[in-house]
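**Q** model this:
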Amino acid sequence: EAAAALELAVKARGDFVPAWDYLSVVYRGLQQLDRALDAINQAIKLEPGNPNLYNVKYLVLSDLKRYAEAELAINQAIKLSPRAAFYNNRGIVYVNLQKWDLALADFTQAIGINRNEDLAYYNRGNVYADLQKWDLALADYNQAIGINPNDAGAYTNRGGVYYNLQKWDLALADYTQAIAINPNDADAYYNRGIVYADLQKWDLALADYTQAIGINPNLALAYTNRGNVYYNLGDINKARENLQRAAELYLTQGRTAEYEQVITIITLLN
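**A** This next block holds a predicted model:
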């Protein structure tokens with residue numbers, strides 16, 4: 001209904017930039033990304049000096065996975081207005097392009113402009129974690145949580161750092177806090193399940209994998225790991241059942257290597 005109303009608005013007044021802008025946002029929310037791009041391009045044509053419009057275009061192009069074009073759009077936003085949020089967004093583009101040094105530079109620039117830009121700390125922490133620079137990742141997640149203590153994702157990812165540092169109690173505490181903030185955080189349940197499984201607390205691991213699957217039924221790894229828990233509990237039938245479901249999901253998702261690994265495990269169970 002919103003899209004239809006806005007379409008009528010831009011037909012009645014084709015030079016009304018806010019209507020084109022909001023129409024793009026609505027179409028993006030509806031996952032009609034080509035229409036979203038057309039709308040924001042029209043807004044930019046009418047008002048080429050508005051940096052916010054280029055930021056919206058960056059978002060649409062990122063959703064389309066057209067990252068090189070997204071980079072050009074956010075570059076223009078930064079040129080017009082070098083804001084912390086825009087540098088943070090360009091850093092995300094560089095992450096998607098696997099240009100780690102450029103991503104780190106942009107997140108650092110965002111923090112330099114605004115010391116309270118929690119998303120920049122969070123995103124820089126993610127890059128450091130991907131690079132296995134655990135101490136730097138931990139410092140950034142601490143900063144992000146200090147600014148925004150209700151960021152479930154930061155707790156989940158900090159839990160991952162603690163897990164890699166083999167600080168099990170701290171990892172469990174962070175995953176539990178993430179779940180308290182967002183009970184629908186499938187990743188937090190899944191990751192906490194991994195810790196419980198490593199500690200051979202099979203019932204707790206089983207409960208967490210089951211919660212993760214309930215939230216995200218397409219989380220193939222949760223089926224794989226739940227199958228492993230059932231195997232350790234001696235329930236071969238349920239182990240096989242979960243691994244078969246994981247294999248189906250891997251195949252549907254085009255994850256051939258994981259599919260073949262699970263099929264090999266299932267064969268050994270027979």
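**Q** just the element for residue 53, please.
**A** helix 51-63 (DSSP states H and E).
**Q** neighbours of the closest residue in space to residue 111 that isn't next to it in sequence, just the number please.
**A** The spatially closest residue to residue 111, leaving aside those adjacent along the chain, is residue 120, at 4.9 Å (CB to CB, 6 or more residues apart in numbering). For every residue, glycine as well, the C-beta is placed using N, CA and C. Other residues near residue 120 come to 29 when the count uses other CB atoms under 10 Å.
**Q** and residue 72, by the same measure?
**A** So residue 72, with other CB under 10 Å, has 15 neighbours.
**Q** tell me the average confidence for stretch 11-18?
**A** The predicted model assigns stretch 11-18 a mean pLDDT of 82.
**Q** ok, longest helix in the chain?
**A** helix 236-252 (DSSP state H).
**Q** can you list the buried residues in stretch 258-266?
**A** Of all the residues in stretch 258-266, those buried under the rule 16 or more other CB atoms under 10 Å are 258, 259, 261, 262, 263, 265, 266.
**Q** among these, which are located in helices?
**A** Short answer: the buried residues of stretch 258-266 in helices (DSSP H) are 258, 259, 261, 262, 263, 265, 266.
**Q** so what's the first one closest to, chain neighbours aside?
**A** Put plainly, it is residue 258. Per CB to CB, 6+ apart, closest to residue 258 is residue 250, 4.4 Å.
**Q** hang on, residue 60 packs against residue 40?
**A** Yes. Applying CB atoms under 8 Å, one finds residue 60 in contact with residue 40, separated by 6.1 Å.
**Q** what is in contact with these two at once?
**A** residue 24 (CB atoms under 8 Å, 6 or more residues apart in numbering).
**Q** and residue 152, how close does it get to residue 130?
**A** 19 Å (CB to CB, to the nearest Å).
**Q** which one of the two is surrounded by more residues?
**A** residue 152 (20 against 13).
**Q** can you tell me which residues contact that one?
**A** Residue 152 neighbours (CB under 8 Å, 6+ apart): 177, 178, 179, 181, 182, 185, 188.
**Q** rerun at 6 Å
**A** Contacts here follow CB atoms under 6 Å, 6 or more residues apart in numbering; on that basis residue 152 touches 178, 181, 182, 185.
**Q** equivalent analysis for residue 158, please.
**A** 141, 174.
**Q** that one: what secondary structure?
**A** Here residue 158 takes the helix state, with states given by DSSP: H, G, I helix; E, B strand; the rest coil.
**Q** and the gap between it and residue 263?
**A** Taken as CB to CB, the span from residue 158 to residue 263 is 35 Å.
**Q** give the closest residue to residue 168 in space, chain neighbours not counted.
**A** residue 195 (5.7 Å).
**Q** next SSE downstream of the helix or strand harbouring that neighbour?
**A** Under the criterion DSSP H and E, the helix or strand holding residue 195 is helix 186-198. Following helix 186-198 in sequence order, the next helix or strand is helix 202-215 (DSSP H and E).
**Q** pretty sure the residue nearest to residue 258 sits against residue 219.
**A** No. Using CB atoms under 6 Å, residue 250 is not in contact with residue 219; the gap is 11.3 Å.
**Q** distance check, the residue nearest to residue 258 against residue 110.
**A** 37 Å.
**Q** quick check: which element contains the residue most central in space within the chain?
**A** Centroid check for the chain by CA atoms, centre = their mean gives residue 153 as the closest residue, at 8.6 Å. Secondary structure from DSSP H and E places residue 153 in helix 152-164.
**Q** next, the angle helix 186-198 makes with that helix.
**A** Here helix 152-164 runs at an angle of 20 degrees relative to helix 186-198 (axes from the mean of the first three to the mean of the last three CA atoms, to 10 degrees).
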